[in-house]
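*Asks:* I'd like to go over a predicted model; first the sequence, then the structure.
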Amino acid sequence: MKLARSKNGSLDPVQGATGLSDPTHGARHVAIIMDGNGRWAKRRHLPRALGHKKGVEAVRNIVRVGGEMGLEAMTLYAFSSENWNRPQEEVSDLMGLLRQYIQSDIEEFVENGVRLKVIGNYKALEPDIVAMIDNAIARTAANSRMTLAVALNYGAQDEMLRAVQHIACSVAAGDVTPEAINIDHISGALDTSDLPPLDLLIRTSGELRLSNFLLWQAAYSELYFTDTLWPDFDQSELEKALQSFGHRERRFGGR
Ligand code: FPP
């Protein structure tokens, strides 16, 4: 029998586990490490910036498809806390694409019931981007069809560090004793606290690493690696990943 974590945290049998009626195959939350924009461009003798531009088109498409399939949440690794180490021109290209993406797609989020969320220390981005993000978050806050969580200036170790600091403050304030700290306190202090448990983590482009992405949340998620480069990742690729997820037997440490 296939099991999935329900909204209240219990382990329940997956409805539509045959995959005939449920395109998500029971997955509620899918996260993607979108890798391979540079190689996509290089293979075509194009500048890297064009690879990232195609990458944004793939984002746009996959967000639409994920919403149509009925996913509750999608988390996309758009800019890691380590990506600042890229050449300044590339960082600036990525920030420009982010601006354009929010500006051009906000109306579609509003219309399609997509709630925008950002994980990571995005307040450290340029002030106009922070304002744009805050505005988009506010405008879509009541949407409930799907949450799109974009990871910006995100690193899992940084996220956990911030969670520890938050909990340490609670201890210092006398709100909780060190012995009483439990798993839920930690999950609740992470940026993803309001998202469903992570079911499936996808990485494109053939790299077999998690690269500091959702390290806590991936404890029991299924992993899917594909050689497909991110700009080529389309609906059929997502369907393949979800089909693979549908065949996994999830035991969450049990038998
Ligand atoms: C990896 O490609 C991709 C990224 C640096 C992050 C993904 C960014 C996008 C899809 C575009 C911006 C996204 C939004 C939401 C506006 P790479 O450059 O590491 O590729 P390579 O490994 O082939 O060089």
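*Replies:* The structure has been received and is ready for your questions.
*Asks:* residues in contact with the residue of the stretch 51-200 of the chain found nearest the ligand?
*Replies:* Per Cβ to the nearest ligand atom, Gly55 is where the stretch 51-200 of the chain lies closest to the ligand, at 3.1 Å. Every C-beta, even on glycine, is put in place using the N, C-alpha and C of the backbone. For Gly55, the contact set (Cβ atoms under 8 Å, 6 or more residues apart in numbering) comprises Met34, Asn37, Trp40, Leu97, Trp230, Pro231.
*Asks:* Now for Leu198: which residues touch it?
*Replies:* Leu198 neighbours (Cβ under 8 Å, 6+ apart): His29, Val30, Ala31, Thr75, Thr192, Leu214, Gln217, Ala218, Ser221.
*Asks:* The fourth one looks like it's in a strand, true?
*Replies:* Spelled out, that is Thr75. Yes - counting by DSSP: H, G, I helix; E, B strand; the rest coil, Thr75 is part of a strand.
*Asks:* Was I right to think it contacts Arg28?
*Replies:* No - if you go by Cβ atoms under 8 Å, Thr75 and Arg28 don't touch, sitting 11.6 Å apart.
*Asks:* tell me the pLDDT at the nearest residue to Gly155 once chain neighbours are set aside?
*Replies:* Of all residues not flanking Gly155 in the chain, Ser81 sits nearest, at 3.6 Å (Cβ to Cβ, 6 or more residues apart in numbering). If you check Ser81, the pLDDT there is 95.
*Asks:* wait, Ser81 sits on Asn121?
*Replies:* Yes - at 7.1 Å, Ser81 counts as touching Asn121 under the criterion of Cβ under 8 Å.
*Asks:* Report the set of residues contacting both of these two.
*Replies:* In contact with both Ser81 and Asn121: Asn153, Tyr154, Asp158, using Cβ under 8 Å, 6+ apart.
*Asks:* In helices, which of those residues fall?
*Replies:* Asp158 (DSSP state H).
*Asks:* just to revisit the earlier point, now, which of the contacts of Leu198 lie within strands?
*Replies:* Judged by DSSP state E, strands contain the following of those: His29, Val30, Ala31, Thr75.
*Asks:* so what's the second one bridging to?
*Replies:* Think Val30. Met74, Leu200 (DSSP bridges).
*Asks:* Tell me who's in contact with it.
*Replies:* 66, 71, 73-75, 198-202, 238, 241-242.
*Asks:* mind checking how far it is from the ligand?
*Replies:* 15 Å (Cβ to the nearest ligand atom, to the nearest Å).
*Asks:* Quick one, grab the pLDDT at that residue.
*Replies:* We have a pLDDT of 98 for Val30.
*Asks:* just the last one next, same as before
*Replies:* At Thr75 the predicted local distance difference test score is 98.
*Asks:* Let me see the contact set for it.
*Replies:* If a contact means Cβ under 8 Å, 6+ apart, then Thr75 has His29, Val30, Ala31, Ile32, Ile119, Ala149, Val150, Ala151, Thr192, Leu195, Leu198, Leu214 as its contacts.
*Asks:* What of the third one?
*Replies:* Shown in contact with Ala31 (Cβ under 8 Å, 6+ apart): 74-77, 198, 200-202, 213-214, 217-218, 221.
*Asks:* try 10 Å this time
*Replies:* By Cβ atoms under 10 Å, 6 or more residues apart in numbering, Ala31 lies in contact with 73-77, 119, 149, 151, 192, 195, 198-203, 213-214, 217-218, 221.
*Asks:* Around the ligand, which positions in this protein sit nearby?
*Replies:* For the chain, the contact set with the ligand under Cβ under 6 Å from any ligand atom comprises 34-39, 52, 55-56, 59, 78, 83, 94, 97-98, 101, 150, 205, 230.
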